[in-house]
Each structure stands twice: as structure tokens, then as C-alpha cells.
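Next input, structure requested:
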Amino acid sequence: AVRRRMWDDVLVVLLVHIVLYFILFVLAAFWAARSFRRRIDPERRGLAASQGKAIESDSEGKEVGCLEEVSTFCKDPLPFMAKTSEATPEVVQKTAGLDAMIYLHFLKVMLIVFMVLSAVGVCLLLPLNIFAQKKSWVILDSFMVTTSNGFLDPSQSLLLHTMVALFIGLSMVVVVYMLRDFLITNARNEADNKNAIPPVQAYTVEVQGLRIDPPVQPEELTPLADAVAGQDKVLAIAVALDVTDIVDNVEKTRVLKKKLGRYRQQLENDKERPTIQTGLLRYIGCGNSQDAISYTEKEIAELEKEVEKERAVANRPGTGTAFITFKKREAAVRFIDKFKDPLKSRRECQMPTIGANKDCLCENQNRWSVELAVKPEDIFWRNLRYSTFHRVLLTVAGFFLLVILLAFIVTPIFFVQIFLTLGDLTVEEFDKVKNVAQGHGSYHDYFSMAEDERQFNHFAILVLQFLWPLLILCINYFIMPALVHYCAKFFGQRYVSAMQRTSYNLIFFFMLMNILIFPALALSGIDEFMEVSRQVPLDRMLAQIVLYGSNRPFFVDYIAQAGLLASAFYFVFHTTTPMINDWAGHDSSELVWEFDFAYFYSSFLSVLAIGLMFAVTVPLVLPCVLLFLIMRYYTDKWQLLTAHSTERVDPAPETTASAVLVSMLIITAVAQAAFASWLALQGAWNLAVWPWVLTMCLGFYIAFPWTRHRFITVSNKWRATREEHPATWEVEAIPAYKAAYENPYLAAAGEDRTSRLRGDVTPGIWDGV
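Have a look, this model is predicted:
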């Protein structure tokens, strides 16, 4: 009777949580649909009070009763997603940008993959888990009956599970290769067109390690270029100067102009001038009240004057970087081959000059670097002054700072879960837990007594079990990404795409730890959690993650929460936020909300990691991941087409996308290693060999540069060989490329920075690359 109550309690708690998430999702969808209908139908009464906007109409508007609203919602619950759900990839790319099209394609492919895996898990693995004979320590009337834990004869019974795990691992390798091929076709836009002109970065060499003070002049680099290409073969030489002060003020001006646009829109809608709080006490509502439009206009005027004053400063220091654009690709490649080794080139042609004298080109030969350049719009001009040493130092310091900050936020939550899981009962004498095949023992104490004799109040447990995944969701969806993006600005990355990739890597790392690793270990109890953190081998720790993470429906609960509540939040956010002037899609030029691809990639990949980690041991996870991907695909597609501003797109989306592909294979390898360790813990040593072999193969596949560059990642730079597009080897660069690498922050007054960074001069099949 006690065990039956346990199984019923688990089902009741899980069902209550999912019903509650679904109710919140339906309420948010109802609010969004109601707002959408009022925006597209001016005869309905507007929601000016709740949205901060007014809908003008010659008529007074008609009242709509509550029952009519509910009836309309039941007939058409998501009208705002009807048109966007049918949009083709071409429409997505034209409306939301190339990075949006790549992101949605990744989501769609993984949706199809988990559709197949869900069918395999529910139709094959789940019935086998339920009806198979289990060991004595397995509680047959608990959630464990649906898992693969405690089979009586694991060497025989887990053969199908091992085959499914190997199928999943090999499938991910094929999927990653197909996604890479998609990236090459679209991000690099490689089509069979022999008459196309390559982009400007294919003709341009980036030279680093030059003299900084005084900066190198273009005339000093001309002999180097002429020594390789000959006279009149160089199109342009641009030396990058330090513009840190200008960049900071220009970015502040851009943010203020966006605020000014929203204030003016608010004035137009509400017929009342908005006000803001200024001063040190403005954050607590005790600042000085000022007219928002006048105050912002004054700030913008002062910043623009400061920018013009800074642009007029003479004798700026250099950044040690220069861009040499040749007329032919062949000359650029020969320049790299000639000068990539400064000592060798000095012996051959006495260039470049190296030394501390002010007439030497290079001060330190260890900083000298020559390679093909990235796209002009991908250069982060503020950080060109940082060397590789500075970037590594700033990145390491920033990473440890993030670890410390997040530790203070996350650690208390997991200790709450540790005590919530078992109360004062934990597995004692961890060293005695050697092999589950021994039968009745400490595992029985853990899985049985901890459930039967828990000393917490049941209502308190129900509430805390609901709040804990919600707290994890809030930390990983709001607090942690904001901290990462703020810190990543100071990591000294030279390229915009590299900064985006760094943000993605950090967000995904912390999200994976906070969502998968720490919660699974926290489910084991305080003594085992501390034991794992001290001296347990990596394979045993991975086995514990699978074992303890699969004995409860926590991850099923979390995935349901992540799918339903995240969608509910964005429904309400896009309906009420003043940052989005018209989310119904009438005028996308007014949109200022930017879709954070680093965060959204990480959020769906972390759920994929849960699915891959527990795909074989907890088959119920697979359909939950599938439903999550379906909701994310259509919700994110709606966001990208109706609320995403394309003003500041990622100039090289293949950089972040390549990091995503590497992450997919890493989590696949970790999942295979965890499953192999779990098999060994179950006693199926003969079966554990095969997942370990696949894990090692995946490790070599990822670690070796040759396989990684040819089968996983796509570079944002052209290769310095004739092998890449040999048909364009002798095609000359067009004159429009001459000014491509001029510093846009030193442009004349009144020239818009963004117009200089869009890459519009690139013709042919590589338009916009």
C-alpha cells in the first residue's frame, strides 16, 4: 500500500505541475490572441491602458463580452501564429535575416530527429522497461518501473537499449554533417557560378603585430605588398587606429536614439509627454522628474558633439593591425605564404623590420600574424588594440568572475533540492556501493526508505517541487544570460561573430551545468553529492548522473515547464512591452527587440542534452523533448518574423552555428560515456564496451582539426589556398572594394555607421556574405 501511494503521489505531483503550466500557457495565449485581434480590428475596443498604446478609430469601438472572447479563442487560439507558421525559409531570411533562417532550420531538423527517437522510445523501450523483470531493490510501483534501472539480467536485457544508444550517437554524427552542408550552402552561399565575384575578404589580408606608437603608415606597408604582387597590384591599404573612445560614445548615442524613438511613439499614442527619473536615486523612484524627450535629445546632442571632438583628435595611437586589399586572390595568398613567418621573410627579403626602434614595422615577432581577413562588418573596431594574450587573460578573468557570481546564486537552490529530495536520509557508506548486481543493499535504502519515511510536510513538498524547477528556469533564462552578455563585452574579442560565439559558449556551459549536471547530482543526497565532488572518478560520476537523474520525474517536469512557461512569457512580453511598437507585423522597421541567438541556441540545446542523456534510461523524456521542440519552433518563428529587429544582425552566423554543431557532438559523446558508465554500474560490462568505443571515436572526431574543419565547422574566413573556388582565382576585385576596410568610426560627420557595415558592396552570388 505504501509503495502504491508512492507511485500515485509521483503521478499526481507531475500531473498537477503540468496542468498548472498548461493553464498559465493558455492564459498567456488568450491574452496575446485578444491583443492581436484588437490590433488588426480597429472596431474593437483597444488596450491602451495595459499596453501603453492607443488605437485610434472614428467609432467608439464595440464591446466584446467575456463569453464571446472565450468562444473566439477556442475557435482560433493562436491567430498571431497562423501566418508565420506557414512562412518559407526564403521569407524568413528576407524578413528576419540569414541567422534566423539557420536557427529555425536547426530547430526543425532536431524536431524531426526527436520525432523518430520518440517513436522508438515509446514503442520499444518503454514497454520493455515496464514488463521486464527487475531486481529486488527496484520499487515496482514507483516511477522507476518506467526506467531502465535494475534489470535482473542486464547483460541480456539491455542489448536493445545499447543498440538504440549507438543508433542515437551515429544519427547525431550524420545530422551534424547535414547541418554543416546546409551552412556551407547558405551562410557561405557557395553556388556553381563561375562568373561570380568573391567577396572583399577573399582579397584582403589582415596583418597583426605592427608598430602601435607611432602607428604604421600605409606607405610603410607598400614595399611588402609590392614585393609579392608587384606594383599596381594593391587595391588599398588601411591601417586601423584606436577608436575606443569614439566607439563607446557612438554606441551610447545609438541606445539613446532608440529610447528617443520610443518616447516619441509614446507621445503620439498617449497624447502626453512622457517623463523619466534622473539622478542617483532614480532607481528607487526618488530622482528628479524630467521631460523624457527633451532630456534625451540633450544627451544625444552632447554625445554627438563629443564624438565630433574625438574624431578631430590628431596623432591617434594604432592598434597594430592593418588590412591590405589586393586586386587578385592569388596575390593575397602569396603574401600570406611569404610573410606569415617573419624570421624567414627577413632572411629572404629583409622585411618586415623587427625591433624597438620607431622606424621598425614590428615591435615583437611573437605578435606578428598574417592571415585572410574577416568580413568588414564583422570587425569589432573597439577591440583591435587587444592582443591574443590580452584576450586570453580577459576571458579567463571574466569566466572566473561569472563562476563566482553564479555560485552565490545557484548553490543555495541546489542545497534546497538536496534536502528536499531525501530529508535527513541519504545513502551511507558510499564506498560499499560497488555493484548493483549484488542485489538488496544500500540502493534499496536509497530508493525505498527515502520515499517511505520522508519527514517533510506533503503540501510543502508539492510547493517546493514546483518552485525549484521554476527558479532554475528563471536563473538560466534571465539572470545568467544577462550576466554573460555584460561580461562578454570586456573579453577583448576582435570580431563581432567571435563575441557572439563566446557568449554562446559561456551561456551553454552554465546552462548545461545548472540544468543537467548539478540537478542530477543533487538528487542523490548531500553525502553523495559531496563525495562526487571530491574523489569519485569521472565515469562513476556520469553513471550517478544517469542513475539518480532517472529515478525521479524531475527532468520530465522541467522540460514541460521550459516549453510551456517560456512560450507563455513571450506571448505576454510581446503583447505588453513598450520596446516593440507593433508586434502584429505591420511595420517591422519600428521593432527594436533583438532575438538573442546565443541564448536561444543554448536554451534548446540544453533540453536536447537532457533528451540525449536520458533517451535510453527514461524513454518518457523523449516525447516531452519533442513537444518542447515543436513549441519552440513555432513560437520562435513567430518572434523572428514579427518582433525581431534586423538592424544589428550577426555578420557571420556560421561562427556561432559551427559552435552549436560542435556542442551537439560533445553532448552526444558525454551522453554515450554516461550510458557506458551506467551499463558498467548495472553489471553489463560486455555491452558497455560499444558506447565507450563510440565515445572515443567522437572525441577524436571533434579534437582533430582536420576532421573538425572538414566535417563539423564552417569558417568565417576564406581558406588561403586555390582549392576554395578555383574558378575565381584570376577574377579581379572591383573598385568598390577599395574603401571596404576604412574605419567607419572615423567617417565624416553625419555618415551612419550601420550603412558602412552592411557589406552592400559585395556582388555576385556572395551578396551579403
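
In the chain, mark out all the strands, start to finish.
Here the chain has its strands, by DSSP state E, at 204-208, 234-241, 275-278, 288-291, 318-326, 369-372.

mind listing the helices for the stretch 51-200 of the chain?
Under the criterion DSSP state H, counting those that start in this stretch, the stretch 51-200 of the chain carries helices at the ranges 66-75, 89-96, 98-120, 126-131, 154-157, 159-186.

Could you list every helix and strand in contact with the third one?
So the one you mean is helix 98-120. Where contact means 3 or more Cβ pairs under 8 Å, 6 or more residues apart in numbering; DSSP states H and E, helix 98-120 is packed against helix 89-96, helix 159-186, helix 597-613, helix 621-642, helix 653-682. Where C-beta positions appear, they are placed from N, C-alpha and C, glycine not excepted.

same thing with the last one?
For helix 159-186, the helices and strands in contact under the criterion 3+ Cβ pairs under 8 Å, 6+ apart are helix 98-120, helix 653-682, helix 685-703, helix 705-711.

of all these, which gets the most neighbours per residue?
Among those, the stretch with the highest mean neighbour count (mean count of other Cβ atoms under 10 Å) is helix 653-682, at a mean of 24.

With just CA atoms, put stretch 484-491 into PDB.
In PDB, the C-alpha atoms belonging to stretch 484-491 read as follows (Å, rounded to 0.1, in the frame of the first residue of the first chain):
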ATOM      1  CA  VAL A 484      27.300  36.600 -19.600                       C
ATOM      2  CA  HIS A 485      26.400  39.200 -22.200                       C
ATOM      3  CA  TYR A 486      27.600  42.000 -20.000                       C
ATOM      4  CA  CYS A 487      30.900  40.300 -19.200                       C
ATOM      5  CA  ALA A 488      31.500  39.200 -22.800                       C
ATOM      6  CA  LYS A 489      31.700  42.800 -23.900                       C
ATOM      7  CA  PHE A 490      35.000  43.100 -22.000                       C
ATOM      8  CA  PHE A 491      36.700  39.900 -23.200                       C
END
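
Tell me which of the strands of the chain lies nearest to Leu11.
When the strands of the chain are compared by Cβ to Cβ, strand 275-278 sits nearest Leu11, at 50.8 Å.

follow-up on the earlier one: could you redo the helices and strands packed on helix 98-120 as a markdown table and give each row mean pLDDT and distance to Lys375?
A markdown table is the format used below for the helices and strands packed on helix 98-120 (pLDDT from 0 to 100; distance: least, Cβ to Cβ, whole Å):
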| stretch | mean pLDDT | distance to Lys375 |
| --- | --- | --- |
| helix 89-96 | 88 | 17 |
| helix 159-186 | 94 | 15 |
| helix 597-613 | 92 | 17 |
| helix 621-642 | 91 | 22 |
| helix 653-682 | 93 | 11 |
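
In a markdown table: those helices, plus distance to Gln133.
Rendered in a markdown table, the data for the helices and strands packed on helix 98-120 read as follows (distance: least, Cβ to Cβ, whole Å):
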| stretch | distance to Gln133 |
| --- | --- |
| helix 89-96 | 50 |
| helix 159-186 | 15 |
| helix 597-613 | 25 |
| helix 621-642 | 23 |
| helix 653-682 | 14 |
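
if we compare these, which one ends up closest to Phe80?
Comparing those under Cβ to Cβ, the one sitting nearest is helix 621-642, at 6.5 Å.

relative to helix 98-120, how tilted is the closest one?
Put simply, helix 621-642 runs at 160 degrees to helix 98-120, going by axes from the mean of the first three to the mean of the last three Cα atoms, to 10 degrees.

Tell me the helices and strands packed up against helix 621-642.
So helix 621-642, by 3+ Cβ pairs under 8 Å, 6+ apart, packs with helix 89-96, helix 98-120, helix 554-576, helix 597-613.

out of those, nearest to Glu297?
Of the helices and strands packed on helix 621-642, nearest to Glu297 by Cβ to Cβ is helix 554-576, at 26.6 Å.

Could you export the strands of the chain to a markdown table, including columns for mean pLDDT, mean neighbour count and distance to Gly355?
Converted to a markdown table, these look like this (pLDDT from 0 to 100; neighbours: other Cβ atoms under 10 Å; distance: least, Cβ to Cβ, whole Å):
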| stretch | mean pLDDT | mean neighbour count | distance to Gly355 |
| --- | --- | --- | --- |
| strand 204-208 | 93 | 24 | 17 |
| strand 234-241 | 91 | 21 | 19 |
| strand 275-278 | 85 | 14 | 53 |
| strand 288-291 | 86 | 14 | 56 |
| strand 318-326 | 92 | 25 | 15 |
| strand 369-372 | 92 | 18 | 18 |
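
so which of those strands comes closest to Cys123?
Nearest of the strands of the chain to Cys123, taken as Cβ to Cβ: strand 369-372 at 51.0 Å.

quick one: that closest one to chain centroid distance?
Relative to the centre of its chain, strand 369-372 is centred 28 Å away, using Cα atoms, centre = their mean, to the nearest Å.

For that strand, which outside residues touch it?
Outside strand 369-372, the residues within contact range by Cβ atoms under 8 Å, 6 or more residues apart in numbering are 201-202, 204-209, 332, 335-336, 339-340, 717-720.

go with 7 Å
Contacts with strand 369-372, where a contact means Cβ atoms under 7 Å, 6 or more residues apart in numbering, come from 201, 204-209, 332, 336, 339-340, 717-718, 720.

Need the CA coordinates for it. CSV is fine.
The C-alpha coordinates for strand 369-372 follow below in CSV (Å, rounded to 0.1, in the frame of the first residue of the first chain):
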residue,chain,number,x,y,z
SER,A,369,50.3,37.4,-37.7
VAL,A,370,49.3,37.4,-41.3
GLU,A,371,46.0,35.7,-42.5
LEU,A,372,43.0,36.4,-44.7
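
Quick check: the gap between the closest residue to Leu78 other than its chain neighbours and Cys74.
The shortest distance from Leu78 to any non-neighbouring residue, by Cβ to Cβ, 6 or more residues apart in numbering, is to Ala29 (6.1 Å). Counting by Cβ to Cβ, to the nearest Å, the gap from Ala29 to Cys74 is 11 Å.

low-confidence ranges in the stretch 651-769 of the chain?
Low-confidence segments of the stretch 651-769 of the chain, defined by pLDDT under 70, span residues 747-769.

List the contacts of the spatially closest residue to Leu687 that is not a sequence neighbour.
Of all residues not flanking Leu687 in the chain, Thr162 sits nearest, at 4.6 Å (Cβ to Cβ, 6+ apart). The neighbours of Thr162, taking Cβ under 7 Å, 6+ apart as the test, are 679, 687, 690-691.

Using JSON lines, please lay out the residues you listed together with distance to Gly398.
Output for the contacts of Thr162, formatted as JSON lines (distance: Cβ to Cβ, whole Å):
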{"residue": "Leu679", "distance to Gly398": "39"}
{"residue": "Leu687", "distance to Gly398": "43"}
{"residue": "Trp690", "distance to Gly398": "40"}
{"residue": "Pro691", "distance to Gly398": "36"}
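
Count the neighbours of the residue lying closest to Val216 once chain neighbours are set aside for me.
Setting aside the residues directly before and after it, Val216 is nearest to Leu210 in space (Cβ to Cβ, 6+ apart), at 4.5 Å. Leu210 has 23 neighbouring residues, counting by other Cβ atoms under 10 Å.

what's near enough to touch Leu210?
Neighbours of Leu210 in contact, by Cβ under 7 Å, 6+ apart: 216, 318, 320-322, 361-362.
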